[in-house]
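In: Sequence first, then the predicted structure, then my questions.
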Amino acid sequence: MKKITTLLFICLSTFVLSQSKEFTVLDASTKKPIDLAQILYPALEIGSVTNSDGKIKIPLRKNKIVVSHINYQEKEFLYSDFIKKDTLYLTPNTNELDEIVVYNVNLLKKVVNVLENTYLKEYSTKKAIHNSTYKETFSINDSLSRLFQVQLNWWSKNSLFKGNKAIDKQNKIHLESVDYSKINKINKNQISSNGAYVENRIFFQFAHLNFLLSMFKDLAYDVEINSIEKNETSNKVYFDAVFRQKGKLVFTHKNSLLVFDNEYKHVKHLKFNMMYDEDFEDDISETSKIPYKKKMTKHTLELSFKNLKNNKLSLSYYISEIHAVLKTKQFTDKVVSKQSLFIGESNFGKKLRKDVINFYQPFFKNIESDQKNTDVKILLTEKETKFLESKS
């Protein structure tokens, strides 16, 4: 009887720990949902990220969790505590600031120091397989036209981008399964959303922090500090800058953000708001062959990092959002293409045995229609759910 009881207990424990929990993360003051709050089991290096509705889903493990966000005070919850909750609240960290100042630091010098002196010490540079959720949305005039979300394994050779090697020699991707996939049919005179995308090689190039910091080091001019928010653990530096290449204006930073630790040894969060002021270019739609004019107006890049057990930093999530205007004879459309990569778990020292994603074509052209998934790790927002339920 004792053996049966023990076996039953083991089975029940396995069942409980294989389950996931959904809950909401809200601002303690406003009660509004918090987008991109990070939930992490520090001892297990497993985590997830909230959607714009503040919703999140994480696997249940009998360990404490840490809830964090760049604008909120970090908070710990014991398993016995958060398992009973449907809502978690975070307190804005503005009240704990030591100071908010406006003055000039040599931001370029700080970035160069990270690249040349502390990068290899502060960041995990081992080869790793990142179990990730990739999500892409494409909107025309604020209405969703394309949405898909997949589970994938992203292998990174050592998290360092090397400009002298092709991106697909340094990174490999294996598509595991598909959560959702829908592309709306639109007016034949418009430009099909099928033809608008960012190549995987460019998307994953920007996923490497050293590439972005090197780009800043080489191309940033007229850097102006807007403000620096300092507390015990970090320096949040908001800045404007001009990016020039061979003397030509490429784009302008508007209130971009670099979050350093308190000693400026590493960057834990980056958000580049890159504004473009360019003329329309002529092009032709790949799918519908319709001539059109295009111009990009804004590109936002956001990277955030988590602490590993060995105190090294590793990528937690990466978001790229491009705003553009497309014009045909009959339509002028504002379009937004957003791609997100959320890393749930990283396995270091391992190499991906097979890869099936072509870096030189869009993700949605790599998806096989019969691939489906039952364990969705990043929840859809209410708006996205309605889009999937709507008729094309």
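Out: Right, received. Where do you want to start? Residues are numbered from 1 along each chain as shown.
In: CA atoms for contacts and neighbours, from now on please.
Out: OK.
In: which stretches of the stretch 251-392 of the chain have low pLDDT?
Out: Scanning the stretch 251-392 of the chain for pLDDT under 70 picks out 287, 368-371, 373-374, 392.
In: ranges for the helices of it?
Out: All helices of the stretch 251-392 of the chain, identified by DSSP state H, counting those that start in this stretch, fall at 382-389.
In: ok, which stretches of it are strands?
Out: 267-275, 281-284, 291-307, 313-327, 332-348 (DSSP state E, counting those that start in this stretch).
In: packing partners for the fourth one?
Out: What that stands for is strand 313-327. Secondary-structure packing of strand 313-327 (3 or more CA pairs under 8 Å, 6 or more residues apart in numbering; DSSP states H and E): strand 291-307, strand 332-348.
In: Buried ones in the last one, by neighbour count?
Out: Going back to what we said before, that points to strand 332-348. Of all the residues in strand 332-348, those buried under the rule 16 or more other CA atoms under 10 Å are 332-346, 348.
In: what residue ranges in the stretch 1-150 of the chain score low on pLDDT?
Out: For the stretch 1-150 of the chain (pLDDT under 70), the answer is 1-18, 94-104.
In: let's go with 90 and repeat that
Out: For the stretch 1-150 of the chain, the stretches with pLDDT under 90 are 1-21, 45, 80-84, 93-105, 125, 140, 145-146, 148.
In: quick one: secondary structure of residue 111?
Out: helix (DSSP: H, G, I helix; E, B strand; the rest coil).
In: In this structure it contacts residue 218, no?
Out: No. Residue 111 is beyond contact range of residue 218, at 10.7 Å (criterion: CA atoms under 8 Å).
In: between the two, which one's more packed in?
Out: residue 111 (22 against 14; other CA atoms under 10 Å).
In: Residue 77: neighbouring residues, count only.
Out: Residues lying near residue 77 (other CA under 10 Å) number 15.
In: same question, residue 386
Out: Neighbours of residue 386 under the rule other CA under 10 Å: 12.
In: Residue 320 now?
Out: Neighbours of residue 320 (other CA under 10 Å): 21.
In: That one and residue 42, how far apart?
Out: Separation of residue 320 from residue 42 (CA to CA, to the nearest Å) stands at 26 Å.
In: Contact partners for the residue nearest to residue 296 when sequence neighbours are not counted?
Out: Closest residue to residue 296 apart from its sequence neighbours, by CA to CA, 6 or more residues apart in numbering: residue 324 at 4.1 Å. Shown in contact with residue 324 (CA atoms under 8 Å, 6 or more residues apart in numbering): 294-298, 334-336.
In: Can you tell me who residue 324 pairs with across the strands?
Out: Counting by DSSP bridges, residue 324 forms beta bridges with residue 296, residue 335.
In: Please report how far it lies from residue 53.
Out: According to CA to CA, residue 324 and residue 53 sit 25 Å apart.
In: Then residue 89?
Out: Distance of residue 89 to residue 53, computed by CA to CA: 14 Å.
In: Residue 227: which element?
Out: strand 220-230 (DSSP states H and E).
In: If you average the pLDDT over that strand, what comes out?
Out: Averaging pLDDT along strand 220-230 gives 93.
In: partners of that strand, with directions?
Out: strand 99-101 (antiparallel), strand 234-245 (antiparallel).
In: Check the offset of that strand from the chain's centre.
Out: 23 Å (CA atoms, centre = their mean, to the nearest Å).
In: For it, buried residues please.
Out: 220, 223-230.
In: and residue 135, what element?
Out: Assigned by DSSP H and E, residue 135 falls within strand 128-140.
In: oh, I was asking about residue 81
Out: Judged by DSSP H and E, residue 81 forms part of helix 79-82.
In: what do you get for residue 126?
Out: Element membership for residue 126 (DSSP H and E) is empty, with no helix or strand holding it.
In: Next, count neighbours for it.
Out: 15.
In: That one: what's it in contact with?
Out: Going by CA under 8 Å, 6+ apart, residue 126 touches 157-159, 348-349.
In: how far away is it from residue 133?
Out: According to CA to CA, residue 126 and residue 133 sit 21 Å apart.
In: At which residues are the helices of the stretch 51-200 of the chain located?
Out: Counting by DSSP H, counting those that start in this stretch, the helices of the stretch 51-200 of the chain are 79-82, 107-113, 119-122, 167-170, 200-205.
In: can you tell which of these is closest to residue 26?
Out: Among those, the nearest to residue 26 by CA to CA is helix 79-82 (14.1 Å).
In: Quick check: buried residues in that closest one?
Out: By neighbour count with 16+ other CA under 10 Å, helix 79-82 contains the buried residues residue 82.
In: hmm, who's touching that helix?
Out: Contacts to helix 79-82, defined as CA under 8 Å, 6+ apart, come from residues 61-65, 88.
In: how far is it from where the chain is centred?
Out: Counting by CA atoms, centre = their mean, helix 79-82 comes out at 27 Å from the chain centroid.
In: List the buried residues in stretch 75-91.
Out: 82, 88-91.
In: Next: stretch 41-60.
Out: Result for stretch 41-60 [16+ other CA under 10 Å]: buried residues 41-42, 45-60.
In: and if you look at stretch 24-32?
Out: For stretch 24-32, by 16+ other CA under 10 Å, it's 24-27.
In: quick one: the nearest residue to residue 238 once chain neighbours are set aside and residue 241, what's the gap?
Out: Nearest residue to residue 238 in three dimensions, chain neighbours excluded: residue 257, at 4.6 Å (CA to CA, 6+ apart). Remark: distance between residue 257 and residue 241 (CA to CA) = 11 Å.
In: residues in contact with the closest residue to residue 37 other than its chain neighbours?
Out: Take residue 37 and drop its neighbours on the chain: the residue closest to it by CA to CA, 6+ apart is residue 69, 4.9 Å away. Residues counted as contacts of residue 69 (CA under 8 Å, 6+ apart) are 36-38.
In: now, among those, which is nearest to residue 359?
Out: The closest of the contacts of residue 69, once distances to residue 359 are taken by CA to CA, is residue 36, at 26.5 Å.
In: I figured residue 92 hits residue 74, correct?
Out: No. Taking contacts as CA under 8 Å, residue 92 lies outside contact range of residue 74: 9.5 Å.
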